[in-house]
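[1] quick one: sequence plus predicted model below, questions after.
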Amino acid sequence: MAQETTGQFDSLLEEGRRFAPDPGFRARANFNDEGVYARAAADPEGYWAEQAQELSWFEPFQTVLKWDPPHAEWFVEGKINAAYNAVDRHRKGPRRNKAAIIWEGEPGDQRVLTYDMLGREVDKAAHMLRELGVKKGDRVTLYLPMIPELPIAMLALAKIGAAHSVVFGGFSAKALHERILDAGSTLVITADGGWRRGQVVPLKANTDQAVEGTQVRHVLVVRRVGEAAGARMVPGRDIDWQDMMAAMPTTPVPAEPMDSEALLFILYTSGTTGKPKGIVHTTGGYLVGANTSLRSVFDLKEDDVYWCTADIGWITGHTYVVYGPLTAGGTIVMYEGAPDFPDRDRFWSIVERYGVTILYTAPTSIRTFMKWGPHYPAAHNLDSLRLLGTVGEPINPEAWMWYRTHIGHDRCPIVDTWWQTETGAAMIAPLPGLTVTKPGSATRPLPGVFAEVVDEEGKPVPPGGAGYLTLTRPWPSMLRTIWGDDDRYRRTYWERFPGRYMAGDGAHVDEEGYYWILGRVDDVINVSGHRIGTMEIESALVDHPAVAESAVIGRAHEVKGQAISAFVTLKEGVPIEEELVVQLKQHVVDKIGALARPEEIFFTVELPKTRSGKIMRRLLRDIAEGRALGDTTTLADPAVVEELKRRYEERYEERE
Ligand code: PRX
């Protein structure tokens, strides 16, 4: 991995524009005292202990942090419950009848749940889960569309002390199967289907396939689509969510007082091997990270209407649709479907109709909106907006400026938040009332977070340099381990630079200490803000009977950030046919999901390899991005790559 990264830190940005916080915004901001950084640096544990007071603890913690590298325990001996903090505590005061969730389905149907209504649903669901035999410590897999039943199920599980493993609805049956097995779930909650661009996402049909050969005893099915889904219930195994909920009492279910370090959820993410990692998050620390960043980075106030457009199937949805805003008593908007259904102004229509004040979305969406043109947002009144956020991939300054101009009308601060499934909450991001922003930079680590960019030897690089992004101290919402594979946890994050968390990203720090994230430095690619391991796609490809070998890379792409290019060698005697390209793409979709579909598949008789047999993906990236070939001296046969480059260019000469 190491030798592959050289040369990746070269593309440093030249960006001179800066934007200072508006004095009015600053005056009202939740975090408007610059001293917070210094105080948190002088006493990080004190800072986090203070933030933890914003949550309700059944029993106070005795020790803020126990750090036995690479294992951390936060808020030790504290007892806390996530659902109590996200819902029940708000039912007791003036937030009782405040909208918690404003939901809109893709077809245009709407539901509003106040905190009290949400609490009742969570209680009924908790009764139901108990009746189905779910106990403290169990894991339940959720494979649902963006409908209120998803947060309801998550919160009901948290309430009774069980953990969730949410699998994004875009993953295939096969991917779901692996995740169900790995988590050891005996219950799966799904829906008959979901709506996406007017089409039905076949969640139930995928689940039927996925649970075959697993330990699953029951499948709980939410009716979302109805007849059109064509879902069939399996007697004895499948249970209708609505029917069973209707039979449940509305009596409150007391929230289980959980150890601060009790498992809250597992969320799978891609790594550098073919097998996804089950990232483990526990309760107290995760909630403190999520809740604090809502108040600091998003400046959430009582009357805000906050909309994070991420799917709950990703970490952004866990932290910034569910646990962050709800523990902070916010009103969230949740939308089921696609941004271009029925037309390309759907997001702006939602912002206008509900008076959204805070909008959090991904650079890939912003670039798509840019491509569609400013007349879509211009047709709507976006005056309610006061803060904009981005996450998931590096944002190019041009997209940042477009977001600021056409969505924020030069009035709204932009918070570019760098973080990961593993970090649980934002790590490097502006505080909108304090930080002078620069388009394309996530600015600096948040109070209580400590980052450093280091070179190959693990030595900090001076300002102006670039290298590997590391975090130098534990933080409350950090992952605790990889489910079932603590050794992999240690190796992946802590071995390369002892005592430091290695993020897997490259970063440049400028003379003023601002961080510019350069993207992944490992074999993970980021397509439209979604992380996919190249090895995962390669394993899917070689699983096809025609394929001998494959190498997958991410090629720079104007809208998606990166696009998947696959270089494939076929088995002896297999003829090269265009039909095979279609088949192989479909094979990857079946194995992983549509998000992993290669944009292009290029057949070659040989892949460029080192003398020790390692595929040099760096050279493939050079080819796919039309660059001069980097160092080829370590290649077993330099002619292979020259030939490959020539043929590739021939094929794609018309591409810009
Ligand atoms: O490469 C970084 C990129 O997304 C990766 C984490 O992906 P995931 O765990 O799926 O979480 C995405 C949402 C938190 C990182 O390693 N990334 C995330 N945010 C940014 C980013 N790259 C640049 N700028 C960001 N703001």
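    Received, thanks. Treat the numbers as computed from the prediction; the structure is a model and nothing was measured.
[2] up against the ligand, what does this structure have?
    When proximity is defined by Cβ under 6 Å from any ligand atom, the chain lies next to the ligand at 269, 315-316, 391-394, 416-421, 442, 503-505, 517, 519-520, 526, 531. In short, each C-beta sits where N, CA and C put it, glycine included.
[3] change it to 5 Å
    316, 391-394, 416, 418-421, 442, 505, 517, 520, 531 (Cβ under 5 Å from any ligand atom).
[4] what helix or strand is the closest residue to the ligand within the stretch 451-600 of the chain located in?
    Per Cβ to the nearest ligand atom, Ile517 is where the stretch 451-600 of the chain lies closest to the ligand, at 3.5 Å. Element membership for Ile517, per DSSP states H and E: strand 515-520.
[5] so which residue of the stretch 201-350 of the chain comes closest to the ligand?
    For the stretch 201-350 of the chain, Cβ to the nearest ligand atom, closest residue to the ligand: Thr316, 4.7 Å.
[6] could you point out which element follows the lowest-mean-pLDDT helix or strand in the chain?
    Least confident helix or strand, the chain: helix 2-5 with a mean of 35, by mean pLDDT, DSSP states H and E. Next helix or strand after helix 2-5 toward the C-terminus (DSSP H and E): helix 23-28.
[7] and this protein, split by domain according to the record?
    Domain ranges of the chain: 4-507, 524-655, per automatic domain parsing.
[8] would you single out the least confident of the ones you listed?
    The minimum mean pLDDT among these belongs to domain 524-655 (a mean of 92).
[9] for Leu431, which non-adjacent residue is spatially closest?
    Phe31 (4.8 Å; Cβ to Cβ, 6 or more residues apart in numbering).
[10] list the contacts for that neighbour?
    295-296, 299, 431, 433-434, 447 (Cβ atoms under 8 Å, 6 or more residues apart in numbering).
[11] what distance do you get for it to Arg491?
    To Arg491, Phe31 is 36 Å away according to Cβ to Cβ, to the nearest Å.
[12] hmm, who's touching stretch 581-593?
    168, 170-175, 532, 536-537, 539-541, 543-544, 546-547, 566, 568, 596-598, 601.
[13] looking at the domains of the chain, which is buried most?
    domain 4-507 (a mean of 20; mean count of other Cβ atoms under 10 Å).
[14] how near is the nearest residue to Arg17 once chain neighbours are set aside to Pro363?
    Leaving aside its sequence neighbours, Arg17 sits nearest to Pro439 (Cβ to Cβ, 6+ apart; 5.6 Å). Remark: distance between Pro439 and Pro363 (Cβ to Cβ) = 12 Å.
[15] just Arg496 next, same as before
    For Arg496, the distance to Pro363 - Cβ to Cβ - is 27 Å.
[16] again with Ser293
    Using Cβ to Cβ, Ser293 is found at 19 Å from Pro363.
[17] which helix runs longest in the protein?
    Secondary structure assigned by DSSP state H gives helix 115-131 as the longest helix of the chain.
[18] what angle separates the helix or strand following that helix from helix 115-131?
    Going down the chain from helix 115-131, the next helix or strand is strand 139-143, by DSSP H and E. Following axes from the mean of the first three to the mean of the last three Cα atoms, to 10 degrees, one obtains 120 degrees for the angle between strand 139-143 and helix 115-131.
[19] and the next helix or strand past strand 139-143?
    Next along the chain after strand 139-143, taking DSSP H and E as the criterion, comes helix 149-159.
[20] thinking again about what came up before, just the contacts of Phe31 now: which is nearest Glu511?
    Glu511 lies nearest to Leu434 out of the contacts of Phe31, by Cβ to Cβ, at 19.5 Å.
[21] where does the nearest residue to Thr319 once chain neighbours are set aside sit, in terms of helix or strand?
    Nearest in space to Thr319, with sequence neighbours left out and distances taken as Cβ to Cβ, 6+ apart, is Ala290 at 4.7 Å. For Ala290, the host element (DSSP H and E) is helix 284-296.
[22] show me where the stretch 251-400 of the chain has strands.
    Ranges of strands within the stretch 251-400 of the chain are 258-259, 263-269, 277-282, 305-308, 331-335, 358-361, 387-391, based on DSSP state E, counting those that start in this stretch.
[23] ok, which of the ones you listed comes nearest Gly458?
    Proximity to Gly458 (Cβ to Cβ) singles out strand 277-282 among these, at 22.9 Å.
[24] contacting residues around that closest one?
    With contacts defined as Cβ under 8 Å, 6+ apart, strand 277-282 is touched by 74, 165, 179, 182-183, 260-271, 315, 421-422, 424, 477, 479-485, 488, 492.
[25] shouldn't the residue of the stretch 201-350 of the chain closest to the ligand be in contact with Tyr323?
    No. Counting by Cβ atoms under 8 Å, Tyr323 is not a contact partner of Thr316; they are 11.4 Å apart.
[26] just to revisit the earlier point, quick check: neighbours shared by Pro439 and Pro363?
    Joint contacts of Pro439 and Pro363 (Cβ under 8 Å, 6+ apart) are Ile395.
[27] got phi/psi on His177?
    phi -50, psi -50 (degrees, to the nearest 10).
[28] what about it, distance to Val542?
    The gap separating His177 from Val542 is 19 Å, by Cβ to Cβ.
[29] same question for Phe341.
    For Phe341, the distance to Val542 - Cβ to Cβ - is 36 Å.
[30] phi, psi for Leu176 please.
    Backbone torsions of Leu176, given as degrees, to the nearest 10, read phi -60, psi -40.
[31] so who does the residue nearest to it when sequence neighbours are not counted touch?
    Excluding the flanking residues, the one nearest Leu176 by Cβ to Cβ, 6+ apart is Ala210, at 3.9 Å. Contacts were defined as Cβ under 8 Å, 6+ apart; by that measure Ala210 touches 143, 173-174, 176-177, 180, 188.
[32] quick check: phi and psi at the residue in the chain sticking out farthest from the centre.
    Each residue of the chain has a distance to the centre, and by Cα atoms, centre = their mean the biggest one is for Gly573: 42.0 Å. Gly573 adopts backbone torsions of phi 80, psi -10, taken as degrees, to the nearest 10.
[33] can you list the residue ranges for helices in the stretch 301-450 of the chain?
    All helices of the stretch 301-450 of the chain, identified by DSSP state H, counting those that start in this stretch, fall at 315-317, 324-327, 346-354, 363-372, 375-378, 397-402.
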